[in-house]
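Peer 1: Give me the fold of what follows.
(2 chains)
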There are 2 protein chains.
Amino acid sequence: MPTLRIALAQLNVTVGDLDGNRRLIAQAIRRAQAWLVDLVVVPELAVCGYPPEDLLLKPQFIEANRQVVDQLCPLTRGIVAVVGCVERDEDGALHNAAAVLADGRRVTTYWKQYLPNYGVFDEKRYFTPGTAPCILNINGARVGMTICEDLWETQPCHTLARMGAQLVINLSASPYSAGKLRVRERVFAQRAREHRLAVASCNLVGGQDELVFDGASLFINARGRVLIHGVQFRDDLVVMDLALTPEHRPRSWRGQGTSVPHRHADRPALPKQQRPTLSRLEEVYEALTLGVQDYTRKNGFSAVVIGLSGGIDSALTACLAVDALGAEHVMGVVMPSRFSSKGTQDDARQLAKNVGIEMQEIAIEPMFTAYLETLAPLFRGRVTDVTEQNIQARIRGNVLMALSNKFGWLVLTTGNKSELATGYCTLYGDMAGGFAVIKDVPKMLVYELAAYRNERGPGRPIPRSVIERVPTAELAPNQTDQDTLPPYDVLDRIITAYVEEDRSVQEILRTQRLSPDVVQRVTRMIDRAEYKRRQGSPGIKITPRAFGKDRRMPITNRYHQNS
Amino acid sequence: MPTLRIALAQLNVTVGDLDGNRRLIAQAIRRAQAWLVDLVVVPELAVCGYPPEDLLLKPQFIEANRQVVDQLCPLTRGIVAVVGCVERDEDGALHNAAAVLADGRRVTTYWKQYLPNYGVFDEKRYFTPGTAPCILNINGARVGMTICEDLWETQPCHTLARMGAQLVINLSASPYSAGKLRVRERVFAQRAREHRLAVASCNLVGGQDELVFDGASLFINARGRVLIHGVQFRDDLVVMDLALTPEHRPRSWRGQGTSVPHRHADRPALPKQQRPTLSRLEEVYEALTLGVQDYTRKNGFSAVVIGLSGGIDSALTACLAVDALGAEHVMGVVMPSRFSSKGTQDDARQLAKNVGIEMQEIAIEPMFTAYLETLAPLFRGRVTDVTEQNIQARIRGNVLMALSNKFGWLVLTTGNKSELATGYCTLYGDMAGGFAVIKDVPKMLVYELAAYRNERGPGRPIPRSVIERVPTAELAPNQTDQDTLPPYDVLDRIITAYVEEDRSVQEILRTQRLSPDVVQRVTRMIDRAEYKRRQGSPGIKITPRAFGKDRRMPITNRYHQNS
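Peer 2: Numbering: from 1, shown residues only, chains lettered A, B, ... in the order given. Down below sits the predicted model:
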């Protein structure tokens, strides 16, 4: 009964940082060696980061990635390291590959067979699928290779099982959306049970533009039981001894596969390990924190600036930024106008105080007056409308960008998914900024996350009055969001059905008790706001379908389905 | 020797406008019937428009598209109509399809075999490739079917020729880039010669977000001679009698294919037809004109507004807008600051006068002063830098957007590709607007197009001083573009090599006499400006690789190759 000691090194690599990624992988190999591990696995495309997008079209990038693999080779004395990288074949085609390095040489390479090309994925734009299964013989254990999507499909495991594999390893770059860990556990456990194969899946961790990878690498036994998962949203080295009972007698084992030299007979037992599983809200909160932390850090910013309105969106964004970066790296700006109430301004100040950030106060009235007076001759005879509201929002955007330009701070925008869906936001105004932290968080979930953060501590940073106030943009007298939008619980249900589930208006009306007028009006608003979203900043995907790369709608589009 | 009368109906359909597209296709069928045509072909996905993007994920959209095909069926008395549409197969998979309608019924459907998934294309995101060739027997003629990419590959024609096809028809949605017609002629003529097949390819026409389709549908005889092309950049019905000599004796003709009922023995001869071929600059100018016209029209705007700086970019943009929409639908705005020279302001006024557009003058000084005074306490002790420049650009952006909001005008931005490549432009400032007309036009080509427009007439709208002035943003005293950028001829060569051809720094230095410092600096600027481009407005692709869907770079990206 062979026993393998396996390390899953869930690393937070950075796209394009070939040197930095090489160092992280080398460090993981050294740490695995210190544990006398047989086999160490790093995530999919760990060498170049995921997704590298059109960097893959640069021949010099592919060559540099190859050199990194060469440099890692000599480090693998007494260990097998499986390293995600790009490989160019003899015909010039690119493959999403797993290089197997052992005892200082490159033993073999596996090419991913199933290339996802839906949702946020564009792998068929770059890669050619592999067709050959790959099995490693490590000290009598037969280890099948898969990369991410290969394990979500049934065929590769089926083939590997027929070839006698006892264990399937998997290199993943599986992006987070709420509840994704449970989905992975279910699917991978099913693969394990179907073929009596143990599964060891190493997932990427870290933020990359719109995506957050949550780590949570998985060891699953051949009965489909989850043995352990790696830490969620943090780098981790998960080490396990897997006793590979050949419960399933392979029909066609003919000794195929690549033999890998191997030692380590007697080694001290591993300590008992336990990683907590986060709750639904913890999970989303941690995803957002990591997303803003990594976007800021990986893009070379050391501090961020946030416009504080006294509303719940900017309050939550400030909490996330402080938890991600530390209060000393966050600057709050309160920008009152003639329509700001004392309540909201006091709340903004209180919030800043509660989270311990520095705060500036910049009244927009002088600029607003200058615009109104300058434009008065042109606007004569026209009624006051959304124009004047947008001018205020754009002054605030301009002020925040001026601070960004002068002090090098990254502007975080504070708009939520419900606003962005309906276009209830101002292009170049409150949409102005480098990173939109909660752009994929529907308003009702903003409330839940705010309550969660207050309960969890430290402190109860978000004032009760912020949570209880009727939502308002404060861009016109006595304005509330519900002058324009239906109640947020109704709105969010429509957004989920229409955007995330592609339900038709009829279907929505069939399954939910909603007014046909409201559903028609909201879905039209969603269609029409595409031009705004196209110019919005990137932000963190946390739902099954985020705006951005995940949902690619034409701007010029006359389709709107009648109810 | 069978003779077929074929009509290629290059239509300007609109994405999602199923009713409107149905009317256009019906009209084309009626016009072809009036010419006693045997076979009328419309472009790829003419029913839903191209590219429909994620509309294809909506089941109700696919169903509505199917209904349009059903509605077209009864119109095909005495004619064969080949209609580009989406088809869902029994397993639920989508196909990029060509429905063959004849004498009131649907005879067969062909499914596209080669799905482009590179550049601006994402067809593997949506469609499953077909595997079956399709040949129609029309009055003794054997007509093979292809859709766009199928004709760029060699296999489909090879198969069709072996099956005895004499003619290959092709439904295309082939986007324009400069010189594309010549490329199509060369590739399709080669297909024709390889297999002694006549080729009749119907291409889409019109603007769709970042793409312009140029029409120029092609008839090519079996010797590879181009017989005629359709009008470039306009809708057209190109009718030809093709005498199909079986020059190539098929080896395996066993009568496969679909027989289609057919009449029209004696019909009057067609008039002699001739369509001019546009020169290099005419072609680009027409592409830009059509692009701005269709973006404006198809998005429901009737007028546009442009900030006129007195520079060549805004002058060219104004000419394009006037030629596209008519002077009465274009508004110019001059927005002088303390750094504006009399020369540029006079030129802006002269330009407006020359093209006959209304002009407003809005000094930005009051707003600029208000920002500076408001921010003074925060900026105390800091040197004046790009911050103050960006504030001015963003005031102009805010003013233009206020006019857009108040009067319903679409803001056209005026930045060129050289600026956008290097980030020599202000996010939410001069980049603020709905459509970036010349965003893919390098600066040197801007000069060529300006000279072309002046020569072509009507009038010589662009003042000589605009063309001869040293380029300047006028955001600081005595500023010129070349304080920051290398000369534009050098810059544009680097952009072409680095962006459009994916050359490495070393390759650029090997093939061009340029300073390593300059190449390093410019390529770094290009890499670093990705975050700006991501929030830029859409604009018209005219080069082999435009920024936007055509070039998908990560923002978070630490890769920069050393020289």
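
Peer 1: so is the residue in the stretch 451-563 of chain A that chain B sits nearest to in a helix, a strand, or just coil?
Peer 2: Of all residues in the stretch 451-563 of chain A, the one sitting closest to chain B is A:Tyr559 (2.9 Å; CB to the nearest CB). C-beta: built from backbone N, CA, C; applies to glycine. On the three-state scheme (DSSP: H, G, I helix; E, B strand; the rest coil), A:Tyr559 is labelled coil.

Peer 1: For it, the count of nearby residues, please.
Peer 2: Around A:Tyr559 sit 21 other residues, with neighbours defined as other CB atoms under 10 Å in any protein chain shown.

Peer 1: Contacts only, for the residue lying closest to it once chain neighbours are set aside.
Peer 2: Excluding the flanking residues, the one nearest A:Tyr559 by CB to CB, 6 or more residues apart in numbering or on different chains is B:Gly16, at 2.9 Å. Each residue near B:Gly16 by CB atoms under 8 Å, 6 or more residues apart in numbering or on different chains is listed here: A:554, A:557-560, B:48-49, B:52, B:55, B:61.

Peer 1: Retrieve the pLDDT associated with B:Gly16.
Peer 2: Here the pLDDT value assigned to B:Gly16 is 97.

Peer 1: Same check on the one 10 residues further on?
Peer 2: Looking at B:Ala26, its pLDDT stands at 98.

Peer 1: How about A:Ile135?
Peer 2: For A:Ile135, pLDDT reads 96.

Peer 1: A:Arg191 too?
Peer 2: Reported pLDDT at A:Arg191 in the predicted model: 97.

Peer 1: does it really touch A:Ala198, like I thought?
Peer 2: No: checked against CB atoms under 8 Å, the pair A:Arg191 and A:Ala198 is beyond contact range at 10.3 Å.

Peer 1: Show me what from the stretch 351-500 of chain A comes close to chain B.
Peer 2: Applying CB under 8 Å from any CB of the partner chain, we find that the stretch 351-500 of chain A lies next to chain B at A:360, A:362-364, A:366-367, A:369-371, A:373-375, A:378-379, A:382, A:385-387, A:390-391, A:394-395, A:397-399, A:401-403, A:405-406, A:427-428, A:432, A:434.

Peer 1: Report the buried members of these.
Peer 2: Buried by 16 or more other CB atoms under 10 Å in any protein chain shown: A:360, A:362, A:364, A:366-367, A:370-371, A:374-375, A:379, A:387, A:390-391, A:394-395, A:397-399, A:401-403, A:405-406, A:427-428, A:432, A:434, out of those.

Peer 1: still on that earlier bit, if I look at A:Arg191 and A:Ala198, which residues touch both of them?
Peer 2: Residues touching both A:Arg191 and A:Ala198 by CB under 8 Å, 6+ apart: A:Val168.

Peer 1: those strands in the stretch 301-450 of chain A, which residues are they?
Peer 2: Under the criterion DSSP state E, counting those that start in this stretch, the stretch 301-450 of chain A contains strands at A:304-307, A:330-334, A:358-361, A:410-413, A:435-436.

Peer 1: Reformat the ones you listed as TSV; add mean pLDDT and distance to B:Ile79.
Peer 2: Shown next, in TSV, are the strands of the stretch 301-450 of chain A (pLDDT from 0 to 100; distance: least, CB to CB, whole Å):
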stretch	mean pLDDT	distance to B:Ile79
strand A:304-307	98	62
strand A:330-334	98	67
strand A:358-361	97	72
strand A:410-413	98	55
strand A:435-436	98	53
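
Peer 1: Mind putting those into TSV with distance to A:Asn478?
Peer 2: TSV is the format used below for the strands of the stretch 301-450 of chain A (distance: least, CB to CB, whole Å):
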stretch	distance to A:Asn478
strand A:304-307	22
strand A:330-334	21
strand A:358-361	23
strand A:410-413	25
strand A:435-436	28
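
Peer 1: Point to the helix or strand of chain A where mean pLDDT is at its lowest.
Peer 2: Taking mean pLDDT, DSSP states H and E as the measure, the helix or strand of chain A with the lowest value is strand A:258-260, at a mean of 65.

Peer 1: Could you name the helices and strands sitting against the helix or strand just after it?
Peer 2: Remark: after strand A:258-260, the chain's next helix or strand is helix A:280-298, criterion DSSP states H and E. Counting contacts by 3 or more CB pairs under 8 Å, 6 or more residues apart in numbering or on different chains; DSSP states H and E, helix A:280-298 is packed against strand A:205-208, strand A:211-214, helix A:312-325, strand A:410-413, strand A:435-436, helix A:443-456.
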